[in-house]
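Engineer: What follows is a predicted structure for the sequence shown.
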Amino acid sequence: MHRPHDGGMLEAFDRIISRWLRMESFRQVVGYTIVCTIFTTLVAVCVVGGALWPMPDVVFYFGVGIAAFIPIFITVPLAFVVFYMLLLITRTIDRVGALIQFDPLTGVLTRAHFLGETQRAFSQGGVFMMVDADHFKKINDTYGHDLGDSALKTLASSLTASVGDSGFVGRLGGEEFGVFLPRATSALALLMAQTIRTTVRASGAVIDGRAIGLTVSIGAAERRPGRSLDDAIKAADMLLYAAKRAGRDRAFIEGVTALEPRADATAA
């Protein structure tokens, strides 16, 4: 019969095995190789020495010497290769994990990872914010995509610096970013939006020697009883477009901003 706690026990066992088999440095590979060599050598010496104890000294020491030499001869290269392969596997897993978790251009969370983290925290309440760079197409068309990439990096770093430990930031696509503030209220989101806009204006005034004057528009919606994350994202998206229609470089916060979004709002 399946026991309810079997899954938890297997997960705990898996974490323990993963932790002990994780190789993070070449020094660790060498250390594990030495430990394995000492262990196998001691076991062989003890077994052979015990068996040859009644034998004459010459036979005893010869047998013990052989027992010590064979594990060293076999274990050192074998253990080193195995642990070095684990090191390479660990590094590969970390690289793949970083690609999955972080956007390679901006360094913030990828869309999938950001929405996953947000979904896990959403039930505890909070505010979802949509942040979009103003006139980004014009920046690309005027200065080229290289400067556009620099603008995205500047925006991402501004968001990360503004949000800090109070939430997490992800790139939703193109020049659009998401911010989730766990357990935050709309009033707190308004203060955060003001901080973000101020930081972006300061850091995005000049990018790569060009007077860009980067600004952002923000829409934010609070988690409510019965509201799903998808519903909150849609509400924040509508507020974002309303902010753009109202002139850009502003934030519309649900329940705080007087102007309500229009369903037909469209802006770039």
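Structural biologist: Received it, and whenever you're ready, just let me know what you need. Residues are numbered from 1 along each chain as shown.

Engineer: can you pull out the helices in the protein?
Structural biologist: For the chain, the helices defined by DSSP state H occupy 6-20, 26-52, 57-101, 111-122, 136-143, 145-163, 186-203, 229-245.

Engineer: tell me the angle of the shortest one relative to helix 145-163?
Structural biologist: Think helix 136-143. Angle of helix 136-143 versus helix 145-163, following axes from the mean of the first three to the mean of the last three C-alpha atoms, to 10 degrees, is 140 degrees.

Engineer: Export stretch 104-119 to PDB, keeping only CA atoms.
Structural biologist: Provided in PDB are the C-alpha atoms of stretch 104-119 (Å, rounded to 0.1, in the frame of the first residue of the first chain):
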ATOM      1  CA  PRO A 104      20.600  36.300 -20.700                       C
ATOM      2  CA  LEU A 105      20.400  40.000 -21.800                       C
ATOM      3  CA  THR A 106      19.100  41.800 -18.700                       C
ATOM      4  CA  GLY A 107      20.000  39.400 -15.800                       C
ATOM      5  CA  VAL A 108      16.500  39.500 -14.300                       C
ATOM      6  CA  LEU A 109      14.200  36.400 -14.100                       C
ATOM      7  CA  THR A 110      12.900  34.900 -17.300                       C
ATOM      8  CA  ARG A 111       9.200  35.100 -18.000                       C
ATOM      9  CA  ALA A 112       8.500  31.400 -17.000                       C
ATOM     10  CA  HIS A 113      10.500  31.500 -13.800                       C
ATOM     11  CA  PHE A 114       9.200  34.900 -12.800                       C
ATOM     12  CA  LEU A 115       5.500  33.900 -13.300                       C
ATOM     13  CA  GLY A 116       6.200  30.600 -11.500                       C
ATOM     14  CA  GLU A 117       7.700  32.500  -8.400                       C
ATOM     15  CA  THR A 118       4.800  34.900  -8.600                       C
ATOM     16  CA  GLN A 119       2.200  32.200  -8.700                       C
END
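
Engineer: Does Gly167 touch Gly178 like I think?
Structural biologist: No - between Gly167 and Gly178 there is no contact under C-beta atoms under 8 Å: 9.9 Å. For the C-beta atoms, the positions are set from N, CA and C on the backbone; glycine is no exception.

Engineer: Let's have the helices of the chain in CSV, adding mean neighbour count, distance to Phe128 and mean pLDDT.
Structural biologist: Formatted as CSV, those follow (neighbours: other C-beta atoms under 10 Å; distance: least, C-beta to C-beta, whole Å; pLDDT from 0 to 100):
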stretch, mean neighbour count, distance to Phe128, mean pLDDT
helix 6-20, 10, 30, 60
helix 26-52, 15, 41, 88
helix 57-101, 14, 19, 82
helix 111-122, 17, 7, 94
helix 136-143, 15, 21, 94
helix 145-163, 19, 13, 96
helix 186-203, 18, 9, 95
helix 229-245, 20, 5, 95
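
Engineer: quick one: which of those helices is nearest Met130?
Structural biologist: With C-beta to C-beta as the criterion, Met130 lies closest to helix 229-245 of the helices of the chain, at 4.3 Å.

Engineer: For the closest one, what is the distance to the chain centroid?
Structural biologist: Taking C-alpha atoms, centre = their mean, to the nearest Å, the mean C-alpha location of helix 229-245 is offset from the chain mean by 25 Å.

Engineer: Return the alpha-carbon coordinates of that helix using CSV.
Structural biologist: As requested, the backbone C-alpha atoms of helix 229-245 are provided in CSV (Å, rounded to 0.1, in the frame of the first residue of the first chain):
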residue,chain,number,x,y,z
LEU,A,229,-2.9,35.7,-11.2
ASP,A,230,-4.0,35.9,-14.9
ASP,A,231,-6.8,38.3,-13.9
ALA,A,232,-4.3,40.5,-12.0
ILE,A,233,-2.0,40.5,-15.0
LYS,A,234,-4.8,41.5,-17.3
ALA,A,235,-5.9,44.3,-15.0
ALA,A,236,-2.3,45.6,-14.6
ASP,A,237,-1.9,45.4,-18.4
MET,A,238,-5.0,47.6,-18.9
LEU,A,239,-3.8,50.1,-16.4
LEU,A,240,-0.4,50.2,-18.1
TYR,A,241,-1.9,51.1,-21.4
ALA,A,242,-4.1,53.7,-19.7
ALA,A,243,-0.9,55.2,-18.3
LYS,A,244,0.6,55.4,-21.8
ARG,A,245,-2.6,57.0,-23.2
